[in-house]
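S.K.: Coordinates for the following, if possible.
(2 chains)
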Amino acid sequence: MSMSTRRIRAIFIKELREYCRNGSIVAAMAVIPCIFLIQPLIQVFALPASASIQLRHENSLLYLLAIPAIVPALVAAYAVVGEREQGTLEPTLTTPIRRDEFLLAKALASLAPSVVVAYAVYAVFLACVALFAPEAVASALLRWPEIIAQVLFTPLIAAWSIWIGIGISARSNDIRVAQQLGALASLPTVAVTSLIAFNVIHATLGVALAAAALLLLVDALGWRAASATFNREQLIAGTR
Amino acid sequence: MNGQDGADGTVGGATALSVRGLGKRFGDRIAFEDVSFEVGFGEVFGFLGPNGAGKTTIVRTLGALIEPTSGSATVAGVPLTPQNGVELRRRIAVMPESPGLYLRLSVTENLSCFADLYEVPDPRDRIEQALRAVHLADRSRDPCGTLSKGLRQRVALARALLANPEVLFLDEPTAGLDPAAIRDVHGLIHDLRKHGVTIFLTTHRLEEAERLCDRVAILNTTLRTIGRPDELRDRLFGKTLMVRTLAPLPDPGRVFAGLAAVDGWHQDGPAGYVLSVSEPAIAAPAVTRAVVAAGIDVRSISDSRHSLEDVYLELIGADGEASRR
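M.R.: Below you'll find the predicted structure:
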């Protein structure tokens, strides 16, 4: 069964246009990253140069991986139930679009802005640390392995949150409930990244590779699971 | 009838829709059952029924959104099976009761998305054609959220026309519209009919069905009747003549007895008579002559036309009474 890139692109572009013009989604994408950005920035600027020795043994920047965990879940939660609420799901599903095309387009449309926001926030954080933090603190924080981990794990974590969000969205009748449940479901991921950031789980190359492999697997399974929750008949007829 | 030659609405045996014993249950609840009919290419077929009769569920089923629990169907030449869903949806378009537009997007952005979903070649030209067809070319850049309900309905119709569907399902296309907007939608349906598009129209509006449809079916969970509106009237009510005279006839039984094509009569007011006739065109001159010969002037004589509403109420009312018993 081949997928149509044109149909995927159609939904993808439509979604991005809608997100850009939807105040609540723009606000969620702007406010949540700021919350995660401001607190660590204040903390970094308040650190004395002597704290750099302790910082070298921590992975505090991985704390920012909470952004790709939470933001896409909020956006993806809108994906199906949002269409249902505005009555656009039925006309869309009466076109030749396949379920997997629809879901993939929705996922990509959630992934793209979420990853851009997460990278942008991370870049702002790195720039602020490099420019304004004491030199010893900056050199302790700006480490390539951590930056690479951030770059690699951001889309993997975001994809997982998106599939959870879409799965919840396909089973919900209310956007707000779907978003709340989506945010709640992303908390375990936030907990794991926080535990690594605060060195409770010791980050090594092996742990990173295992985590990446695990995330790849759950992302693939997430697509299958979201696909299984997506039933045209249930969504259109409102039956369970 | 336009473009068909069979009593079942088919052209040389070709059918746009062929439905055999179709049924759908949601758990214990029957949405519709044992529904069979055929619709020919180019036909405007009306589907009438009260709320909850199963009209929308049938449209969704024939649009491959919902799986039937029994029976079979062929839509635009494609058998209705889960495997054929994509191919079937490629050949049809459904305009649901609610226009279902992306209100934050402009008219063109909405249509562009759907043109891509149908993989329409030359989408820009096709969108322009569709907008011209619904007289909305000058509103193409407006966000759909700023349009009135009637204009949104037109955009939804333009969307349905994008892919040049073989069968167009219109689910209550005039629900909630003002009279001017209803007239516009009717005009658009007339235009589509001229272009040979097969239209499956579900509606509550009986005068709409009578005006637009070649044939109608009345559904109340099961199919109650099907045929041309005039056929249904004749089938259910028989043919009658309404005769009004300037003064009461002294002996109407004698006047109407033995007249050609008159089967019986009853009085309707002091100087009114309803005659059961087999052929109004033969009966009317004979009745006029007989009344005048009896020394009474005729004020009016006309076919007593039962409306489709009478047919509908007769059938649906009978269902209601049966369910109360």
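S.K.: Okay, helices next: where are they in the stretch 51-200 of chain B?
M.R.: For the stretch 51-200 of chain B, the helices defined by DSSP state H, counting those that start in this stretch cover B:55-62, B:85-91, B:107-117, B:123-133, B:149-161, B:179-194.
S.K.: tally of neighbours for A:Ala28?
M.R.: With neighbours defined by other CB atoms under 10 Å in any protein chain shown, the count for A:Ala28 comes to 21. No exception for glycine: its C-beta is placed from N, CA and C like everyone else's.
S.K.: ok, it - contacts?
M.R.: By CB atoms under 8 Å, 6 or more residues apart in numbering or on different chains, the residues touching A:Ala28 are A:Val71, A:Leu74, A:Val75, A:Gln179.
S.K.: The residue in chain B that chain A sits nearest to - nearest residue in space that isn't next to it in sequence?
M.R.: At 3.3 Å from chain A, B:Asp116 is the closest residue in chain B, using CB to the nearest CB. Using CB to CB, 6 or more residues apart in numbering or on different chains and skipping residues adjacent in sequence, the residue nearest B:Asp116 is A:Ala10, 3.3 Å away.
S.K.: re earlier: now the helices of the stretch 51-200 of chain B in CSV, with mean pLDDT and mean neighbour count?
M.R.: What follows is these, written out as CSV (pLDDT from 0 to 100; neighbours: other CB atoms under 10 Å in any protein chain shown):
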stretch, mean pLDDT, mean neighbour count
helix B:55-62, 94, 25
helix B:85-91, 94, 19
helix B:107-117, 97, 24
helix B:123-133, 93, 17
helix B:149-161, 91, 23
helix B:179-194, 85, 16
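S.K.: tally of neighbours for the nearest residue in space to A:Asn22 that is not next to it in sequence?
M.R.: Nearest non-adjacent residue to A:Asn22, counting by CB to CB, 6+ apart: B:Arg104, 6.5 Å away. Neighbourhood size, B:Arg104 [other CB under 10 Å]: 18.
S.K.: show me what contacts B:Arg104?
M.R.: A:Arg17, A:Glu18, A:Arg21, A:Asn22, B:Pro143, B:Cys144, B:Gly145.
S.K.: gap between it and A:Lys14?
M.R.: Distance, B:Arg104 to A:Lys14, by CB to CB, to the nearest Å: 10 Å.
S.K.: ok now do the nearest residue to B:Ala156 once chain neighbours are set aside, which residues does it touch?
M.R.: Leaving aside its sequence neighbours, B:Ala156 sits nearest to B:Pro99 (CB to CB, 6+ apart; 3.8 Å). Under the criterion of CB under 8 Å, 6+ apart, the neighbours of B:Pro99 are A:Gly87, B:Lys149, B:Arg152, B:Gln153, B:Val155, B:Ala156.
S.K.: Among those, which one lies nearest to A:Ala46?
M.R.: Comparing the contacts of B:Pro99 against A:Ala46 with CB to CB places A:Gly87 closest, at 51.0 Å.
S.K.: for the residue nearest in space to the middle of chain B, helix, strand, or coil?
M.R.: Residue closest to the average C-alpha location in chain B (CA atoms, centre = their mean): B:Gly46, at 2.1 Å. Put simply, B:Gly46 is strand when judged by DSSP: H, G, I helix; E, B strand; the rest coil.
S.K.: still on that earlier bit, now list the buried members of the contacts of B:Arg104.
M.R.: The neighbour-count test (16 or more other CB atoms under 10 Å in any protein chain shown) marks A:Arg17, A:Glu18, A:Asn22, B:Pro143, B:Cys144 as buried among the contacts of B:Arg104.
S.K.: Confirm for me that the last one is in contact with B:Leu111.
M.R.: Going back to what we said before, that points to B:Cys144. No - in this structure, B:Cys144 is not within contact of B:Leu111 by CB atoms under 8 Å, at 10.0 Å.
S.K.: Now do the shared contacts for the two.
M.R.: B:Val155.
S.K.: Lowest-scoring secondary structure element of the chain by mean pLDDT?
M.R.: Just going to use chain A. Here the helix or strand of chain A ranked lowest by mean pLDDT, DSSP states H and E is helix A:52-55, holding a mean of 66.
S.K.: sorry, should have said chain B
M.R.: helix B:308-324 (a mean of 68).
S.K.: mind listing the helices for chain A?
M.R.: A:5-20, A:23-46, A:52-55, A:66-76, A:81-85, A:89-93, A:99-132, A:135-141, A:144-171, A:175-185, A:187-197, A:205-229, A:232-237 (DSSP state H).
S.K.: What score does B:Phe237 have for pLDDT?
M.R.: We have a pLDDT of 69 for B:Phe237.
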